[in-house]
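K.L.:
need a 3D model of the sequence below.
(2 chains)
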Amino acid sequence: MNSFFSVFSSLYSHLARRRPLLYCATFAVIILAAFILRNIRMNEDIKPLLPDDRSEAAKDFALLQKAPFSDKVLVSLKGDPGTGKKELTDAADMLSRAMTPPYFTRAVAGPAIASDERLPQWLMNTLPNTFTARDMAAAQKALTPEEVRSRLQNVYKQLTLPEGWFMKPLLQADPLDMRSGVLEKLRHLNVIPGMALYNNHFISADGSSALVIAKTPVKITDSKGSDELVTHLKDLIKKVVPPKIEASFVSGHAYTAANAGTIKKDLYVILTCASVAIFLLIMAFLRSWKGILVFLVPSSVLCLATAGTLLIYDSVSAVTMAFGAVLLGISDDYPILVYFALCSKERDPAPVTREVAHPVMFGGLTTIATFGVMLLSTLPGQRQLAVFSMIGVAVSLVFSLVVLPHLVHSLPGRKRYVGAHPARTFSLPRKGVLLCWLAVMAVCLWQAGRLDFNGDLKAMNFVPEELQRSERHMSKTWGNFRDSAILFAEGKDLEASLFANDSLFAYLSEKLPAAQIISLAPLFPSSATQRANAKRWADFWSGGNGRLAQKLLSEEGGKLGFSAGAFLPFFDMLAKQPGPVTESGMKETGFADLMDSMIVKGNGSVQTLTLIPDTKANVDLFSNDGNGPQGVRLVSQGRFREIIGKALVGNFSRYIVFALLVIIVSVSLLFRNLQKILLALVPVATGLVFMLGTMGALGVQFNIFNIVATILVIGLGVDLGIFMVCNITEGYEHTANLGILLGGLTSFVGIGALALAHHPALSSIGITVLLGLCGVIPSALLVVPALYRKKA
Amino acid sequence: MKKAILMLLLCCMLAGPPAVLCEEAGAGSRPGSGRKALIFERISKTVSDIKTISGSFRQERRLSMLKEPVVSTGRFYCEKPDKLRWELISPEPSGFLVNGVTAKQWKGKEGVPDAFDARQNPVIRLIVDQIFAWSSADLKWIEQRYNVTVLKDEPIALKLVPNDSKERRYVDHIRISFEAGTNYVHNVDIAEKSGDSTRIVFSGMIMNSQLQKGLFD
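P.N.:
Sure, this is the predicted structure:
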């Protein structure tokens, strides 16, 4: 093993004669990295943080993008008390007219139902094609003298009212009010539960708000486009909506823009704070201008790791960039140790470099291998983070062991540091330290049982107060329609998809109240179902029921004063063969927006969507019940949360197992002594247990972001463990506690900077790792020496 | 919900181009010439001093569907330039009111008024437009909207044929007869395309009386 590390002394001697070349090469590499970084493209969207394999979560996420409101912006207009519905709808009209390309392709303030005779025609035509067995039973009940009389009395009453003038053709064609069955089915198309209609406008049930629904071509993952869209919409509202009407809007784009903006601000704060704090710490401990050389290593590492990542990926995730602060904190450990080694004795730097390479290389390689575990992740963002960190640590090792010794040795100035002769170990009472450690571990292990995994991606969104208010208003006024569970009935073509949708509707009708099912099936069934319905209709009326209806209408109508031919259009309608309900017919009637939202075509298949409330019971209907219809897939935020939660637990277990294996193999190779191996693992174990215990006690959940904290704590813990064990067992003066303390502190502030972030994803990483470091650093500095003495 | 759906259905069936309910009164305009101009002048003169008008009406609908005509009675109140209350008392209490840009409609004696956009209900629009146009003598608007023919000079009788294609689908023509001497509208006959017809006869007209407060709220 020592022969391997002598490479570093040979390399030092070799390069000592070619220092200008070494400096030039180093400078060139940094310039090259800076050149690559000039085209840096950062993305702040959530996609890299979702599984990209063929897992359930990946499929669900792809399907969630097809949800009816995923490409829509919803603007709710709420008037002051006293604002009339008309003022609201006028404002909605003005705003919808102003919402034009390139940001909006279509904006509507109402359902855009056909404004001529097509709707009643469609309604009557739809009757036979949607005549279910249930409708038949209802029709049968209507064919009694009492029922017919009551219905004809209503017809008479309607004729006396102003609208009766224009409803006359409809009343003649449908005296038995069969159309109310079709109107009832329209409920199933009401996607927004809190919506009523006022003069063909969307208005809230209490009449206090109007709604504008706009379709946008801007992708929800496009942060720049989303930001422009949000700014444009705010300007439009200011310009078009009267001051007495308050407009609030919600869309995924608002979240994208808010998150992107916050992450950008956070990045600035995090990287600046981390850099300044680490620099000040290094300078405070080293008390020499050569501290700048040490600081230059992590700074260059940041630049090179980002450039290296860009060579592999098209863009760098904002979370990866924020992780730069962590990398700063980790990658400065190696130059710090090398610096301390070179300072500790006035002897030839070549053998010192060889000696220090031993713990530094092992620590660094173990950290790289630990980060390598994240390459197994199904989340592309975590894999990118692994690549970024591995490159960073590797570069730091090279710079620390190959370049830094020359700089520190050859440049003028003293190599010094604060407290040049520190005690080798802290001399706290050993028993007290161990008792405290055991007590803390016991409490933490107990509390770790309360740890929770949260797969809710929304919880990791930064939601500004304005957006929270809008969400509350939208939910209170219009209902929780954006959080419905979505069922995809898939088929190779529209007919197959609609047929699956028919089966789904029949299945759901047995399990849920009708009002909870949003589906096209009742009004736009498959051709096969339509044919069956039309046959049922024809059979019903061609039997005795047709004659019975004629008799009852004639007798009861005559009593109420209706003329003999008053209802001839009804019997004409019964005699006609109805045309099918078609997609184009539905669109022409005014359901175009709805059809476009509920029928998704592409990739050689068609999916018809059904919405139901996203409750556990409903989700379980499709996960536990094997009798569910074929070709139907349920996707919901609740189920997605569950899947991501399970993926988190899986990833977490994988990380723990593989990372522990990696570090055990690594420290075993290094120390080849059970006592030393166990000692080196103490900070890792303490850090993990402390982190999990305090998270459990404080109610901090593991999420898709802070799960990487596990790797960091393991990596940092094993680094400090190796350094400390080398220090106390092998007498490496250069790895004195001061260096370990400084390394730990720089990691602490680098990672701690993340906790300053406003974005919950970034701050959750920072807080979690800080909790882990609170266990790692004291255990490395206090517990390892205490345990060692005991064993020795 | 059902009510909303029905309203939607109705609106969709009936929606026509927005009517001008509260256009500036066109008093003083002189459309046409000759005989028609003279008649319009007489009507203008009659209504120019009117601020409020109220009275009773009897509506008789003759429908092919019914053996006997449907007769309804009610009262109306109008305050220039843009307030109208139209109340059906029998056989089924119902009505609507228009006050500037706001409008309300109710059904039943105790029915809670439901705000609506009067522009979107063509029947109400027809009644409101006619009453406001004639009470303010907005003869220019009337000529734009209808092809007006003078049927009789004394008492005045006019025939109006709608120019608007959507209105023409339902209404063949409207005949308006004025009271001899006073030149107030006495009865309106609406002939539908289907052959059905409606006659509204006004009576007990009171001009410029103080109308009860809250009638238009």
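
K.L.:
measure how far the strand or helix carrying B:R125 is from the centre of its chain, please.
P.N.:
Using DSSP states H and E, B:R125 sits within helix B:122-135. Here helix B:122-135 is found 3 Å from its chain centre; the criterion is Cα atoms, centre = their mean, to the nearest Å.

K.L.:
what's downstream of that helix, the next helix or strand?
P.N.:
Sequence-wise, the next helix or strand downstream of helix B:122-135 (DSSP H and E) is helix B:139-145.

K.L.:
quick check, A:G696 in contact with A:V443.
P.N.:
No. Look at A:G696 against A:V443 with Cβ atoms under 8 Å: they stay out of range, at 10.2 Å. Any C-beta I mention is one placed from the backbone N, CA and C, and that applies to glycine too.

K.L.:
residues from the stretch 551-700 of chain A in reach of chain B?
P.N.:
Within the stretch 551-700 of chain A, the positions adjacent to chain B are A:561-563, A:565-566, A:590 by Cβ under 8 Å from any Cβ of the partner chain.

K.L.:
sorry, back to before: who's more crowded, A:G696 and A:V443?
P.N.:
A:G696 (19 against 15; other Cβ atoms under 10 Å in any protein chain shown).

K.L.:
residue contacts, the more buried one?
P.N.:
Neighbouring residues of A:G696 by Cβ atoms under 8 Å, 6 or more residues apart in numbering or on different chains: A:447-451.

K.L.:
please, where are all the strands along the chain?
P.N.:
Since you didn't name a chain, this refers to chain A. Secondary structure of chain A by DSSP state E: the strands cover A:42-43, A:72-79, A:106-108, A:195-198, A:201-204, A:209-215, A:245-250, A:316-317, A:485-491, A:599-602, A:605-612, A:632-635.

K.L.:
that was the other one, I meant chain B.
P.N.:
With DSSP E as the criterion, chain B has strands spanning B:52-62, B:70-79, B:83-90, B:94-99, B:102-107, B:114-116, B:146-152, B:157-162, B:171-178, B:185-192, B:197-207.

K.L.:
mind putting those strands in CSV, distance to chain A included?
P.N.:
As requested, the strands of chain B are exported to CSV (distance: least, Cβ to the nearest Cβ, whole Å):
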stretch, distance to chain A
strand B:52-62, 7
strand B:70-79, 5
strand B:83-90, 8
strand B:94-99, 6
strand B:102-107, 5
strand B:114-116, 5
strand B:146-152, 18
strand B:157-162, 14
strand B:171-178, 9
strand B:185-192, 8
strand B:197-207, 7
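
K.L.:
among those, which gets the worst mean confidence?
P.N.:
Across the strands of chain B, strand B:114-116 has the smallest mean pLDDT, namely a mean of 65.

K.L.:
show me what contacts the closest residue to A:I391 other than its chain neighbours?
P.N.:
Distance criterion Cβ to Cβ, 6 or more residues apart in numbering or on different chains; nearest residue to A:I391, sequence neighbours excluded, is A:G308 at 4.0 Å. Contacts for A:G308 were tallied using Cβ under 8 Å, 6+ apart; they are A:33, A:387-388, A:391, A:395.

K.L.:
same thing with A:I203?
P.N.:
A:85, A:88-89, A:195-197, A:209-211.

K.L.:
is it bridged to anything, and to what?
P.N.:
Listed beta-bridge partners, A:I203: A:A196, A:A210 (assigned using DSSP bridges).

K.L.:
so what's residue 169 scoring on pLDDT?
P.N.:
No chain was given, so I picked chain A. pLDDT, A:P169: 84.

K.L.:
you looked at the wrong chain, it should be chain B
P.N.:
According to the prediction, B:R169 has pLDDT 80.

K.L.:
what is the burial count for it?
P.N.:
Neighbour count for B:R169, taken as other Cβ under 10 Å: 15.

K.L.:
check contacts around it.
P.N.:
Residues near B:R169 by Cβ under 8 Å, 6+ apart: B:K193.

K.L.:
cool, and A:A761?
P.N.:
Contact analysis of A:A761 by Cβ under 8 Å, 6+ apart lists A:319, A:460, A:462, A:703, A:705.

K.L.:
coming back round to it: now for the residues of the stretch 551-700 of chain A next to chain B, which pair is the farthest apart?
P.N.:
Within these, two members stand farthest from each other by Cβ to Cβ: A:G561 and A:G590, at 35.8 Å.

K.L.:
CSV for the contacts of A:I203, including pLDDT and neighbour count?
P.N.:
Output for the contacts of A:I203, formatted as CSV (pLDDT from 0 to 100; neighbours: other Cβ atoms under 10 Å in any protein chain shown):
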residue, pLDDT, neighbour count
A:K85, 80, 24
A:L88, 90, 25
A:T89, 89, 22
A:M195, 82, 21
A:A196, 80, 20
A:L197, 78, 22
A:S209, 92, 28
A:A210, 94, 31
A:L211, 93, 25
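
K.L.:
just the ones in helices from the contacts of A:A761, please.
P.N.:
In this view, these that belong to helices under DSSP state H are A:V319.

K.L.:
just flag the most distant two among the contacts of A:A761.
P.N.:
Greatest spatial distance among these (Cβ to Cβ): A:F462 and A:N703, at 13.5 Å.

K.L.:
tell me which of these two has more neighbours.
P.N.:
A direct count of neighbours by other Cβ under 10 Å for A:F462 and A:N703 places A:N703 higher, at 24 against 20.

K.L.:
gap between the residue lying closest to the more buried one once chain neighbours are set aside and chain B?
P.N.:
In this structure, A:N703 finds its nearest non-sequential neighbour in A:N454, 5.1 Å apart by Cβ to Cβ, 6+ apart. A:N454 sits 37 Å away from chain B, taking Cβ to the nearest Cβ, to the nearest Å as the criterion.

K.L.:
thought A:A647 was touching A:N454, still the case?
P.N.:
No. If you go by Cβ under 8 Å, A:N454 and A:A647 don't touch, sitting 11.9 Å apart.

K.L.:
any low-confidence regions in the stretch 651-792 of chain A?
P.N.:
Within the stretch 651-792 of chain A, the segments meeting pLDDT under 70 span A:730-737, A:789-792.

K.L.:
for it, which residue gets nearest to chain B?
P.N.:
Going by Cβ to the nearest Cβ, chain B is nearest to A:P760 of the stretch 651-792 of chain A, at 39.2 Å.

K.L.:
what is the burial count for residue 99?
P.N.:
No chain specified, so I'll use chain A. Per other Cβ under 10 Å, the neighbour tally for A:M99 reads 26.

K.L.:
please go with chain B instead
P.N.:
Neighbour tally, B:N99, other Cβ under 10 Å: 17.

K.L.:
name the nearest residue to it, ignoring sequence neighbours.
P.N.:
Spatial nearest neighbour of B:N99, excluding adjacent residues (Cβ to Cβ, 6+ apart): B:F216 at 4.2 Å.

K.L.:
and that neighbour, how far is that from B:C78?
P.N.:
10 Å (Cβ to Cβ, to the nearest Å).

K.L.:
looking at those two now, which is surrounded by more residues?
P.N.:
More crowded of B:F216 and B:C78, by other Cβ under 10 Å: B:C78, with 25 against 19.

K.L.:
ok, the residue in the stretch 501-650 of chain A that chain B sits nearest to - contacts?
P.N.:
In the stretch 501-650 of chain A, the residue found nearest to chain B is A:A566; the distance is 4.1 Å by Cβ to the nearest Cβ. By Cβ under 8 Å, 6+ apart, the contact list for A:A566 reads A:172, A:175, A:553, A:557, B:64-66.

K.L.:
the nearest residue to B:D153 once chain neighbours are set aside: how many residues sit nearby?
P.N.:
Of all residues not flanking B:D153 in the chain, B:I39 sits nearest, at 6.7 Å (Cβ to Cβ, 6+ apart). Counted with other Cβ under 10 Å, the neighbours of B:I39 add up to 22.

K.L.:
these two touch, right, B:I39 and B:I156?
P.N.:
Yes. If you go by Cβ under 8 Å, B:I39 and B:I156 touch, sitting 5.6 Å apart.
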